[in-house]
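In: Next input, structure requested:
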Amino acid sequence: MAHQSAAHWVLLFTKPGTGLRQKLQKKVAATESLLRHLHTRIEGTESMKRKVTQSVGHLEREQQSLEEPAIICERRLLIREQRPDGDTEERS
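Out: Next comes the predicted model:
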């Protein structure tokens, strides 16, 4: 059986000329409008999630590429701290 809209069911099960039909039709229209807005919001949120995931992946790769140089710098600083006082001049 084909999917029927809520508006279709309102027309089938309410009597013409009653305030109930109009109230239900307004509620159905409002609900359908909310559904469209939510669908748009969900699409935007999913798109943003993909972009954030890509950015996080990029940042993680950048961090990993900087770990080894940072370790080398830390070792050099440790070595400099351990030098005798007279041997602290900068070397190229």
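
In: Would you list the phi and psi of Arg83?
Out: phi -70, psi 150 (degrees, to the nearest 10).

In: Quick one: mean pLDDT for whatever helix or strand Met48 lives in?
Out: Here Met48, judged by DSSP states H and E, is contained in helix 19-82. Helix 19-82 carries an average pLDDT of 93.

In: Show me how far that helix is from its chain's centre.
Out: Taking C-alpha atoms, centre = their mean, to the nearest Å, one finds the center of helix 19-82 at 3 Å from the center of the full chain.

In: Which elements pack onto it?
Out: If you count contacts as 3 or more C-beta pairs under 8 Å, 6 or more residues apart in numbering; DSSP states H and E, helix 19-82 packs onto helix 6-13. Heads up, the C-betas are built off the backbone N, CA and C, glycines and all.

In: need the contact list for the residue lying closest to Thr31 once chain neighbours are set aside.
Out: Spatial nearest neighbour of Thr31, chain neighbours left out: Ala6 (7.0 Å); criterion: C-beta to C-beta, 6 or more residues apart in numbering. Counting by C-beta atoms under 8 Å, 6 or more residues apart in numbering, Ala6 touches 28, 31-32.

In: Against Ile42, how distant is Ala6?
Out: Counting by C-beta to C-beta, to the nearest Å, the gap from Ala6 to Ile42 is 20 Å.

In: ditto for Gln82
Out: Relative to Ile42, and taking C-beta to C-beta, Gln82 is found at 58 Å.

In: swap in Arg75?
Out: For Arg75, the distance to Ile42 - C-beta to C-beta - is 50 Å.

In: At the geometric centre of this protein, which residue do we find?
Out: The centroid of the chain falls nearest to Lys49 when counting by C-alpha atoms, centre = their mean (2.7 Å).

In: how far away is that residue from Ile42?
Out: Distance from Lys49 to Ile42, by C-beta to C-beta: 10 Å.
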